[in-house]
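Trainee: please find the sequence and the predicted model below.
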Amino acid sequence: MTLEIDVEKALGDFRLRARFSAGAGVTALFGHSGAGKSTLVNLIAGLERPDRGRIVAGGAVLFDDRRGIDVAPGRRRIGYIFQEGRLFPHLTVRQNLLYGRWFTRPADRYVTLAPVVDLLGLSSLLDRRPAALSGGEKQRVAIGRALLTSPRLLLMDEPLAALDQARRDEILPYVERLRDELRLPIVYVSHAIEEVTRLATTLVLIAGGTVAAAGPVDEITSRLDLQNLIGRYEAGTVIDGTVTAVDAAWHLAEVGFGGGRLLVPNLALPVGATVRVRIRARDIALALRPPEDVSILNVLPGRVVALGNADGGLIEVQVQAGTVLLVARITRKALDGLGIVPGQALYLMIKSITFDRHSLGQTMSG
Amino acid sequence: MTLEIDVEKALGDFRLRARFSAGAGVTALFGHSGAGKSTLVNLIAGLERPDRGRIVAGGAVLFDDRRGIDVAPGRRRIGYIFQEGRLFPHLTVRQNLLYGRWFTRPADRYVTLAPVVDLLGLSSLLDRRPAALSGGEKQRVAIGRALLTSPRLLLMDEPLAALDQARRDEILPYVERLRDELRLPIVYVSHAIEEVTRLATTLVLIAGGTVAAAGPVDEITSRLDLQNLIGRYEAGTVIDGTVTAVDAAWHLAEVGFGGGRLLVPNLALPVGATVRVRIRARDIALALRPPEDVSILNVLPGRVVALGNADGGLIEVQVQAGTVLLVARITRKALDGLGIVPGQALYLMIKSITFDRHSLGQTMSG
Amino acid sequence: MFDYTPDEVTAILLSLRVALWGMAGSLPLALLTAWVLSRCRFPGKTLVDGVVYLPLILPPVVTGYLLLLLLGRHGLIGAWLDHRFGIVFAFRWTGAAVASAVMGFPLLVQAIRLSLDAVDRRLEDAARTLGANGAWVFVTVTLPLVLPGILTGCILAYAKSLGEFGATITFVSNIPGQTQTLPLAIYTFTQVPGGETGAMRLTLVSVALALGAMVASGPLSRLISRRVQGRDAGN
Amino acid sequence: MFDYTPDEVTAILLSLRVALWGMAGSLPLALLTAWVLSRCRFPGKTLVDGVVYLPLILPPVVTGYLLLLLLGRHGLIGAWLDHRFGIVFAFRWTGAAVASAVMGFPLLVQAIRLSLDAVDRRLEDAARTLGANGAWVFVTVTLPLVLPGILTGCILAYAKSLGEFGATITFVSNIPGQTQTLPLAIYTFTQVPGGETGAMRLTLVSVALALGAMVASGPLSRLISRRVQGRDAGN
Amino acid sequence: QDVLVFAAASLKNALDDIGALYQKASGHKVTASYAASSVLAKQVENGAPADVFISADVDWVDYLDQRKLIKPETRINLLGNRLVLVAPKAEAAPLAITNGFPLAQRLGTGRLAVGDPAHVPAGKYARAALEHLGVWSSVADRLAPAASVREALALVSRGEAPFGIVYQTDAGVDPGVAIVGTFPADSYPPVIYPGAIVAGSENPNAVTFLGFLGGPSARSVFEHYGFTVLATPK
Ligand SMILES: Nc1ncnc2c1ncn2[C@@H]1O[C@H](COP(=O)(O)OP(=O)(O)OP(=O)(O)O)[C@@H](O)[C@H]1O
Ligand SMILES: Nc1ncnc2c1ncn2[C@@H]1O[C@H](COP(=O)(O)OP(=O)(O)OP(=O)(O)O)[C@@H](O)[C@H]1O
Ligand SMILES: [Mg+2]
Ligand SMILES: [Mg+2]
């Protein structure tokens, strides 16, 4: 399933001009407040009409102004989780959840009520009306309502912004399962780069109504020129690897990738599973020789490729480790103290712990 | 200015029973979705009436059922940033922003339109109506509207959840200035522990309608027994220190605290300023002897106090460094490999970079 | 004073029948009209709006006379209806119901329209993304949300019907048992010496019928507005 | 056919005056009543509700007669008004305006109430936290948001006034230049053999006046509903 | 077969009683639809299923007659009535009604309540009488024209108008008013309630009922309610 977007839309003074295509998996829309993310999602859902252009999802043309095609929202089979909930105030939580099921042919249904209720922790809320829910509870119901339409494409506009970390940690794996097991294509709007890098296959950076960059998530996130758009603090590299060994005693898994092998704690995956790991630039320290007697388990050899721009006392160092490019962020004082220059060989120190659950995601199993 | 809360309120099956007091500065309410945070904030604002109890802010009794006191919301001079915006649809952004000014005596005004518009990036939106704003823009207007009432107490219910990191980074320092320069007490609801630890003086953990813990933020965050409520991933310690030296060439500041001295990059504070620093457990590595030739500038000597519960392959280690208790989170394999036991002397390795802007906050200057 | 003659009892029952049928009969058309006025833009909309208001603007006697001209036995539409379907309104209780429906129509339409205008369109959008087509969106989202307007409109139309006199008497005359509704019976009393007590007695019935309906619809209306505003305590 | 006699022109102008004053005069009380019915809970509320509906429920002749009883020169309230303030309604255009106000009252109240019920209370709460007291919240938030209801109610009441006949003629009789409004003039025509053209001619004026008001209020109404629903494009 | 009578509203009391008598005598029910004569005439014109039409004045029967909607041979003048001048009981003082009698002076600033002379029969007769007596011009702009004679009576009864001109039948029964004078019978054309059988009526009982109205039992009822019985076949 692929998504091809080429649309224009003017809203007052604001002008959205977006053109990109995305393959299967999660397509993340990332950009500042007011960049045009929700507008784009509305166009895909069919709630707003592009001024001109074309929207194709999985081969089906949803909109094409030249050919006069404009499929009604109800026939697009797109599940849309709105940024602002939009629960039906006159229906109970249960009725809200089941609303879309009426309109889904039984043959098309692949989601049922019970697991969604469990996943989202809604069982005690089923008979309430939205007015008696907390902000996070409303958002959870909205997520469930969209899932229960058994959509062919899921649009999620900041679905987890109102939720606490614990809830996010429960919901994200489920989204991953939708993506992987059901091969459900997802368009995911988020401000949280961890979420984006964890879930996304394709990353679309939107700025001022235009697509600043679009491509595979690891490519985009390791581009030094885009670090400003992504936010320096969260910048890092996404790498895909395979579980090569599991150490049950220490709860550690060994993940092999182009740059060597990494030990990852608490990864409940069997040998052979493919995983995605994000390593933030700020979590990598550099050493001239392999450190000893430290609690850091992951030490990889590498060679400095380039130095980024200095940001006050900090600087990014791009290091080639095997086939993979990693970025480390260190102080300029340390850079000078160690005398690091392009071409130099050194060691990357990565605390195992930084492969936390939030930046771990199982990649598409096919 | 202090806040004393002792209230009970039933909503359907849900029962809120909260009792705590907080001093000046920011009081953070932290808890899972549906814990009762918004309900509590509504009670303070006067929008809901407690079933019984007492609310005192800065010596003024706002509610007391025994004495029959219930100050009208409009007379409490409390600025409330709602979880869901609640902008007036019939007014323009400018009119929304200025709404509260009508009701503030000129003598009480300490906030003016221009700086708030600048801070929140609203200048191009002033003549629009809320329906033509993006989700994040709405939230920014809501923040501005509450600030422009020149309140004596500010209630912020997840004000930044809909905003991107760049915007947050602009707004948070402003909130800090309100807190520090104007000594404006703030009740801050958030899911993001970085925000909480950056801003808060007092942390109130709410779970299932009751106060699970309340106290100074550094005390609460370093309590091993509360790590589950806070979320292990974000757990860490908050310490307060003073800038003891500034190295302009490297953009590094030296911060002295009870455990020694730390080098912090890009800290634009003069010598003598007090700062707050959060060190996350996952950002500390342990070494048996001082490491050499590594890019990690901050290495502190310490002694192991206790080991926390193991969480699969990971474990928390509480280390006394000078007068300060720090928590490190390492793999059990590394713990075993290094043979770490309580009482042992070792070194804490802290990447300077982890003192990022997000967990840095200027503490009350008085 | 409260001994009602059989004719009066007949008039009371007839009034109820006329009011209810008039209301029920015009509701679908009123819904459609309100929807069109609220949601569609087309040239000549003001004209349609004006036509809807017409029964309010015209003196009831004129409305009744126009009905007589249109739907009477020799009327343009009346003759055709009689000829084709054997439907006759003139001087039948059905005609009284038609008069009552026509007179209540503007009230019904405007109440519903007001509610329709207040419905949050974003909820309708949400329903559309959930797979509902236009008709289903209307039935499952719009309609429940405009129920307060429908209820208010119905009560207005019902109350109006209990008081409607000019159009009815002009269109279908004042035949006891056939077309003599309560207001007509009351009017007749006011036209003769000593009719005051009779008029008063029937007026009280009229008021009681209206209050009864209001009391009966009270819980329904509270339920509806609580649901629509979502103001219930959770169970 | 379109030569209007001076008396007819007088009736047309008088109708407008009566309609507008009737509407304007009852608006404050209607707002208050609607607010009380929408926001307050008290025993006997259904009764108040019923009283509001009364002019709709009663045959207009009865309403007119009751007005005579209450507000007539020797009426309960009328005598007091006359005595204390020298206010007399009998045979004056002010009486026609009162009749028109009373007859339009239920329409005005219910339209406003419907809008009031639909106002999002959370916005009022927000205004309260911003320092506004009850009155200010009403003026700055509630009132703008119920403008569509007020406008609809006013148009209903105005249209009703253009058609109101029974209560007016009973209360203040049919004095040309004083109390003979358009509907009364039309009625007079319908009561004489061959008066159809005259009635038709005046009816057209009536319809034109109503349509004119609707066309005139159209942009206002669109502006209001766009603002309230916030459906403008940004500038 | 039941008889459907369309009758002027002011006849309700009398016709109801007579209808009951007729049913007792003949076994056939009489149903009456009471409204303004104008309304009823228009309805007959538009195919109303009425058998008998009784109007409060001659004009509307003429109207139907011209359009061949009644059987002219059946037309009779059933009833008469008398015009009286009434005043609120409290302020009543007798007033002799003669040529140029001081009605205008007695009205003072008040108004004279009448049925609307434009269309209400009692008003038309009142106007004729006042013109005949030479006082019309002095009170023409001092009228309170009401929609029916009943409403004119109510205006006097409630004290809104110091004087009113109404039928004797109405004035006699209202406790709020007193008759202060009776108009000379020659000062206005005779008040006539004509009746006729509607052209489209095939009902044989219509004829018998119309006859019954002229009979002795009906006469006593009419007189009981204050009407003058003419019942002279035309
Ligand atoms: N009217 C009501 N009737 C019943 N239960 C209610 C009502 N309003 C709120 N609740 C419940 O009270 C609890 C607390 O709600 P509250 O809005 O305070 O949560 P919160 O801590 O702000 O959560 P969130 O982070 O999701 O916004 C929730 O479980 C909610 O379901
Ligand atoms: N009706 C409108 N008229 C004018 N401008 C509009 C209108 N609707 C939206 N905009 C503008 O379009 C831009 C894009 O809005 P959009 O909702 O797509 O942003 P977004 O990327 O989703 O932002 P956020 O992260 O804050 O939700 C915003 O600058 C907004 O102000
Ligand atoms: Mg958005
Ligand atoms: Mg909340």
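Mentor: Now that the structure is in, tell me what you want to look at. Residues are numbered from 1 along each chain as shown, chains lettered A, B, ... in the order given. Ligands and ions are numbered 1, 2, ... in the order given.

Trainee: did I read that right, E:Leu95 in a strand?
Mentor: No: E:Leu95: not assigned to a strand; according to DSSP: H, G, I helix; E, B strand; the rest coil it is coil.

Trainee: tell me which residues touch it, please.
Mentor: If a contact means C-beta atoms under 8 Å, 6 or more residues apart in numbering or on different chains, then E:Leu95 has E:85, E:101-103, E:106, E:180-181 as its contacts. The way it works is simple: take the backbone N, C-alpha and C, and place the C-beta from them, glycine included.

Trainee: mind redoing it with 10 Å?
Mentor: The contact partners of E:Leu95, taken as C-beta atoms under 10 Å, 6 or more residues apart in numbering or on different chains, are E:85, E:87, E:101-103, E:106, E:163, E:180-181.

Trainee: where does it land on pLDDT?
Mentor: Reported pLDDT at E:Leu95 in the predicted model: 86.

Trainee: shaky segments in chain E?
Mentor: Applying pLDDT under 70 to chain E flags the ranges E:231-234.

Trainee: residue closest to the middle of it?
Mentor: For chain E, the residue lying nearest the average C-alpha position, counting by C-alpha atoms, centre = their mean, turns out to be E:Ala56 (4.5 Å).

Trainee: contact partners of stretch E:60-72?
Mentor: Stretch E:60-72 is touched from outside by D:191-194, E:8, E:36-42, E:44-48, E:52-55, E:58, E:75, E:77, E:121, E:192-201, E:206-207, E:234, with contacts defined as C-beta under 10 Å, 6+ apart.

Trainee: just give me the longest strand of the chain.
Mentor: This is for chain A. With DSSP state E setting the assignment, residue counts place strand A:298-311 as the longest strand in chain A.

Trainee: correction: the question concerned chain E.
Mentor: Ranked by residue count, the top strand of chain E under DSSP E comes out as strand E:70-80.

Trainee: show the pLDDT at the residue of the stretch 151-300 of chain A found nearest ligand 1.
Mentor: Nearest to ligand 1 in the stretch 151-300 of chain A, going by C-beta to the nearest ligand atom, is A:Ala162, at a distance of 6.2 Å. Predicted confidence (pLDDT) at A:Ala162: the value is 78.

Trainee: so it sits against B:Lys37, correct?
Mentor: No: applying C-beta atoms under 10 Å, one finds A:Ala162 not in contact with B:Lys37, separated by 11.5 Å.

Trainee: find residues that contact each of those two.
Mentor: Applying C-beta under 10 Å, 6+ apart, one finds that A:Ala162 and B:Lys37 are jointly contacted by A:134-136, B:83, B:158, B:191.

Trainee: who has more neighbours, A:Ala162 and B:Lys37?
Mentor: Just comparing A:Ala162 and B:Lys37: by other C-beta atoms under 10 Å in any protein chain shown the higher neighbour count belongs to B:Lys37, 28 against 25.

Trainee: for the more buried one, give me its contacts.
Mentor: Neighbouring residues of B:Lys37 by C-beta under 10 Å, 6+ apart: A:134-136, B:16, B:18, B:28-31, B:83, B:157-158, B:187, B:189-191, B:204, B:206.

Trainee: out of those residues, which are inside strands?
Mentor: Residues from the contacts of B:Lys37 lying in strands, with DSSP E as the criterion: B:16, B:18, B:28-31, B:157, B:187, B:189, B:204, B:206.

Trainee: would you check which pair of the residues you listed lies furthest apart?
Mentor: Across the ones in strands among the contacts of B:Lys37, no pair lies farther apart than B:Leu16 and B:Ala28, at 17.3 Å, counting by C-beta to C-beta.

Trainee: coming back round to it: wait, the residue nearest to the centre of chain E touches E:Lys12, no?
Mentor: No: E:Ala56 lies out of contact with E:Lys12 (C-beta under 10 Å); the separation is 11.6 Å.

Trainee: can you tell me which of the contacts of stretch E:60-72 are buried?
Mentor: The neighbour-count criterion (16 or more other C-beta atoms under 10 Å in any protein chain shown) marks D:191-192, E:8, E:36-42, E:44, E:46-48, E:52-55, E:58, E:75, E:77, E:121, E:192-199, E:201, E:206-207 among the contacts of stretch E:60-72 as buried.

Trainee: so E:Tyr22 sits against E:Ala206, correct?
Mentor: No: E:Tyr22 lies out of contact with E:Ala206 (C-beta under 10 Å); the separation is 11.5 Å.

Trainee: could you look up the SS state of E:Ala32?
Mentor: strand.

Trainee: secondary structure class of the spatially closest residue to it that is not a sequence neighbour, three-state.
Mentor: Closest residue to E:Ala32 apart from its sequence neighbours, by C-beta to C-beta, 6 or more residues apart in numbering or on different chains: E:Val5 at 4.4 Å. Taking three-state DSSP as the rule, one finds E:Val5 in the strand state.
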